[in-house]
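Asks: got a predicted model here, sequence first, then my questions.
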Amino acid sequence: MTLEEVRGQDTVPESTARMQGAGKALHELLLSALRQGCLTAGVYESAKVLNVDPDNVTFCVLAADEEDEGDIALQIHFTLIQAFCCENHIDIVRVGDVQRLAAIVGAGDEAGAPGDLHCILISNPNEDAWKDPALEKLSLFCEESRSVNDWVPSITLPE
């Protein structure tokens, strides 16, 4: 048995509970940010916000379905956004279900197809620091993930 196998056995239940807690916290954060009007959706829209006011951005969500994994242009955008977020100390996570994300934030066109939800930024609604319990949980989750060299952790949203 290798060290990785031993470590993996010990952390599986803790890891699953931690992941579920993070998914629930992300769900709550997205709803709260949507209500407060501090959510930016779309790769290009997010890039504009990051360029103009990165100090006001508190959290970033990158989302891609399986079919998006082969989109080289999208992956390049993700790489650049990830680098920018890391450089500016913005917590960042990945989500693998764009449809579920669309159901939460309610974005879409008249035909019901989701808009560009590949990148979502959460900004401070005002000049003061935003105190949201879900944001604090996610920040802790990201910090713990970085401590084990998982710089952009993946989160599964609850059903």
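Replies: That came in fine, so what should we check first?
Asks: contacts and neighbour counts: CA atoms only from here.
Replies: Noted.
Asks: SS state for the spatially most central residue of the chain?
Replies: Closest to where the C-alpha atoms of the chain average out (Cα atoms, centre = their mean) is Val61, at 2.4 Å. Following DSSP: H, G, I helix; E, B strand; the rest coil, Val61 is assigned to strand.
Asks: beta partners for it?
Replies: Val93, Ile120 (DSSP bridges).
Asks: ok, it - contacts?
Replies: By Cα atoms under 8 Å, 6 or more residues apart in numbering, the contact set of Val61 is Ile92, Val93, Arg94, Val95, His118, Cys119, Ile120, Leu121.
Asks: if you set the cut-off to 7 Å instead, what comes out?
Replies: Contacts for Val61 (Cα atoms under 7 Å, 6 or more residues apart in numbering) come out as Ile92, Val93, Arg94, Cys119, Ile120, Leu121.
Asks: do Ile90 as well
Replies: Val57, Thr58, Phe59, Cys60.
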